[in-house]
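K.L.:
need a structure here:
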Amino acid sequence: MMSNFLGYVAYIVATYLGATPKITMTFLYGMSAAIGFFGNRSLTFRDKGKLLGTGARYIAAHCLGYVINLAILVIMVDRLGYPHQWVQAAAIFFVAAFLFLAFKFFVFTSHYNSTVEAK
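P.N.:
Just a heads-up that it's a prediction; the model follows:
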């Protein structure tokens, strides 16, 4: 949650300084996805799966998350005219919920599967 807050603050600062919302979101999304892999893998989901397979699923989940975030900005800001600051704040929560579910049931499945098998 703290990383999302810090990312949003960076987004607000960058757009205030003149960066465009979609380019700023793209840059920050890529940075946070790259940084978040090892934290999510080792701390949040305690995954022991193979790095290559897990990494490929992680990238796939984030690609879809990115497309969702971009679509939200395009539709809500470009087409409907809502302020990008509020739209991006809402998009963070929506995409974070999607990513959590994708990580739990698609990306970091080795811990989940071993917990289910142990029962």
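K.L.:
Tyr11 is in contact with Trp86, isn't it?
P.N.:
No: the criterion here is Cβ atoms under 8 Å, and Tyr11 misses it with Trp86 at 11.9 Å. The C-beta positions use only the backbone N, C-alpha and C, and glycine is treated the same way.
K.L.:
the more surrounded of those two?
P.N.:
Ranked by neighbour count (other Cβ atoms under 10 Å), Tyr11 and Trp86 place Tyr11 first, with 22 against 11.
K.L.:
Quick check: which element contains the more buried one?
P.N.:
Assigned by DSSP states H and E, Tyr11 belongs to helix 2-16.
K.L.:
mind checking how far that helix is from the chain centre?
P.N.:
In terms of Cα atoms, centre = their mean, to the nearest Å, the centre of helix 2-16 is found 14 Å from the chain centre.
K.L.:
which other residues reach stretch 14-25?
P.N.:
With contact meaning Cβ atoms under 8 Å, 6 or more residues apart in numbering, stretch 14-25 is reached by Tyr11, Phe27, Leu28, Asn69, Leu70, Leu73, Val74, Val77, His84, Gln85, Gln88.
K.L.:
Could you list the low-confidence segments of this protein?
P.N.:
Counting by pLDDT under 70, the chain contains low-confidence residues at 1, 37-52, 110-119.
K.L.:
can you do 50?
P.N.:
Counting by pLDDT under 50, the chain has low-confidence residues at 43-44, 113-119.
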